[in-house]
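Peer 1: Would you be able to build a 3D model of this:
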Amino acid sequence: MSENENNKETPIIIVKGKKAKHAHHGGAWKVAYSDFVTALMALFIVLWILAQNEDVKNNIAGYFNDPSGFGTGNGPSVFKGPGRNAQATPSLLTEFQKKEIQKENLTKMGKELMDKINAEGLGELENQVDFEIADEGLRIELMESDKANFFEVGTAKLEPNAKKILSVIAKQLSKLDNKIVIEGHTDSRPYPGNGMGYTNFELSADRANAARRVLLKYGIKDSQIVEIRGYADKRLRDPKHPRSAANRRISIIVKYNE
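Peer 2: Numbers count the residues shown, from 1 in each chain. Reported below is the predicted structural model:
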């Protein structure tokens, strides 16, 4: 048998090498990474909120209390409070927001009252009338001075200028439904009798009641006045000068609506 015939009968075997494949890592790392990014974003949001003022914080709280009002565009803005085109429903507003709105309204009313007082020709008494937003509401104080008294000395009899100012205040406050407290204050000049007779407590309460009667005459409803307080000289406006005329005053407090 020839060599060529042997080569034809022997089968040719071809060995191919198998390429190695990389191991499959799966997608678990993607889930872990997305969780990390979400947590990081939440941290940044919390830090941003902590850096904002109280108005923004309370509006954000209002959103989470009732997001439906914000979603429709009819509720308050997180940054600007109640929307311009619609009033926020009471359920949307936090107690803080309600009080802030009342503060703005009462502050505006105080400025309007001062304009009315000036329009009535009482501008010379401007420095004796003070408006202040206090814990209870708007405090209106009518203070005596060395040049102008609101009461006859030692009595609860109102001077004409005091009656005129009280009439202007009454006409404005009668437009509201807020409750009203009236306080009387005196200086530290004592009455004789060592506290056993008529004292500054009686005088301060009598003066507050005299103011109450004028307010009722010019439009305040009796149901609006909820308290009369006579503090005598226990809450001096000018503690360094206990006999100062500025300590003799009537305070009218327009309370926040609950």
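Peer 1: which residues are in contact with stretch 231-240?
Peer 2: Outside stretch 231-240, the residues that touch it by Cβ atoms under 8 Å, 6 or more residues apart in numbering are 141, 143, 183-188, 199-201, 203-204, 242, 244, 246-247, 249. In short, each C-beta sits where N, CA and C put it, glycine included.
Peer 1: Going through those residues, which ones are buried?
Peer 2: Among these, the ones that count as buried by 16 or more other Cβ atoms under 10 Å are 141, 143, 183-187, 199-201, 203-204, 244, 246-247, 249.
Peer 1: buried ones in the longest helix belonging to the chain?
Peer 2: Assignment by DSSP state H gives helix 95-119 as the longest helix of the chain. Judged by neighbour count (16+ other Cβ under 10 Å), helix 95-119 contains these buried residues: 97, 100, 102, 106, 109-110, 113-114, 117.
Peer 1: Over to stretch 197-215?
Peer 2: Result for stretch 197-215 [16+ other Cβ under 10 Å]: buried residues 199-208, 210-212, 214-215.
Peer 1: Apart from its chain neighbours, what residue comes closest to residue 97?
Peer 2: Excluding its sequence neighbours, the residue lying closest to residue 97 (Cβ to Cβ, 6 or more residues apart in numbering) is residue 58, at 5.9 Å.
Peer 1: Give me the angle between the strand or helix carrying that neighbour and helix 95-119.
Peer 2: Following DSSP states H and E, one finds residue 58 within helix 54-65. Comparing the axes of helix 54-65 and helix 95-119 via axes from the mean of the first three to the mean of the last three Cα atoms, to 10 degrees yields an angle of 130 degrees.
Peer 1: From the contact counts, what lies against the longest helix of the chain?
Peer 2: If you count contacts as 3 or more Cβ pairs under 8 Å, 6 or more residues apart in numbering; DSSP states H and E, helix 95-119 packs onto helix 54-65, strand 129-133, strand 137-143, helix 160-173.
Peer 1: Domains of this structure: list them as residue ranges, please.
Peer 2: Listed domain ranges for the chain are 28-93, 96-255 (source: automatic domain parsing).
Peer 1: Could you dump those into a markdown table with mean pLDDT added?
Peer 2: As requested, the domains of the chain are exported to a markdown table (pLDDT from 0 to 100):
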| stretch | mean pLDDT |
| --- | --- |
| domain 28-93 | 67 |
| domain 96-255 | 92 |
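Peer 1: so of the ones you listed, which one's packed in deepest?
Peer 2: domain 96-255 (a mean of 17; mean count of other Cβ atoms under 10 Å).
Peer 1: just the helices in the chain please.
Peer 2: Ranges of helices in the chain, per DSSP H, are 3-9, 28-50, 54-65, 67-71, 95-119, 160-173, 200-217.
Peer 1: Which one of the buried residues of helix 95-119 is nearest to residue 132?
Peer 2: residue 110 (8.3 Å; Cβ to Cβ).
Peer 1: how close does the closest residue to that closest one other than its chain neighbours get to residue 113?
Peer 2: Nearest residue to residue 110 in three dimensions, chain neighbours excluded: residue 131, at 3.6 Å (Cβ to Cβ, 6+ apart). Relative to residue 113, residue 131 is positioned 7 Å away (Cβ to Cβ, to the nearest Å).
Peer 1: cool, and residue 197?
Peer 2: Per Cβ to Cβ, residue 197 is found 37 Å from residue 113.
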